[in-house]
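Give me coordinates for this.
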Amino acid sequence: MSLTVKRALVPAACLLSALDKGRISHIDMRPLVVHVLCALQRCGLVQAVVALGHGANEIVDAVRRLSFGEMRVDFVWGVAFEWGSTLANAVMAARSSFPGSEPFLLVRSDYLYDWRLLQQMTRLHMADDADVYALVDTATATL
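Numbering: from 1, shown residues only. The predicted structure is shown next:
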């Protein structure tokens, strides 16, 4: 079954706590989460949901300063820091933001991605009995 993924979940609940001692990490004067959202927009996605937790105001302010063209950026608050800020908690908090059982990308907000890689993930061919596909880097140099 061929799919075109049009939506993404971007968990950002642990960005401030896990990176750089409570500050958002920047590349080229922009937070990593902004780079991720720009890459998703370049892939042609229509929606990105950013799951927020501790320290969310700084992330929201950074994202709201920018336009992402046709891609809508929504925020889901309430991924409690006490929950451990895990990916599973972000998915549970944000799942209702997506229509029906439509597939979505789960894209970490603390990694830098080449947009072409994300674009390939949006145009995948899934086996009929598959529920999930994961992109795993098995190169020993990057592990």
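
For this protein, which segments are assigned as helices?
Ranges of helices within the chain are 15-18, 32-42, 56-64, 87-94, 115-122, based on DSSP state H.

can you pull the buried residues of the longest one?
When you say that, I think you mean helix 32-42. 32, 33, 34, 35, 36, 37, 38, 39, 40, 41 (16 or more other CB atoms under 10 Å). Any C-beta I mention is one placed from the backbone N, CA and C, and that applies to glycine too.

Tell me the one of those residues nearest residue 69?
Each of the buried residues of helix 32-42 was checked against residue 69 using CB to CB; the closest is residue 41, at 5.7 Å.

sorry, back to before: which one of the helices of the chain is the most hemmed in?
When the helices of the chain are scored by mean count of other CB atoms under 10 Å, the highest mean neighbour count falls to helix 32-42 (a mean of 21).

elements contacting it?
Packing partners of helix 32-42 (3 or more CB pairs under 8 Å, 6 or more residues apart in numbering; DSSP states H and E): strand 7-11, strand 47-51, helix 56-64, helix 115-122.

In a markdown table, list these along with distance to residue 104.
Formatted as a markdown table, the helices and strands packed on helix 32-42 follow (distance: least, CB to CB, whole Å):
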| stretch | distance to residue 104 |
| --- | --- |
| strand 7-11 | 4 |
| strand 47-51 | 8 |
| helix 56-64 | 18 |
| helix 115-122 | 10 |
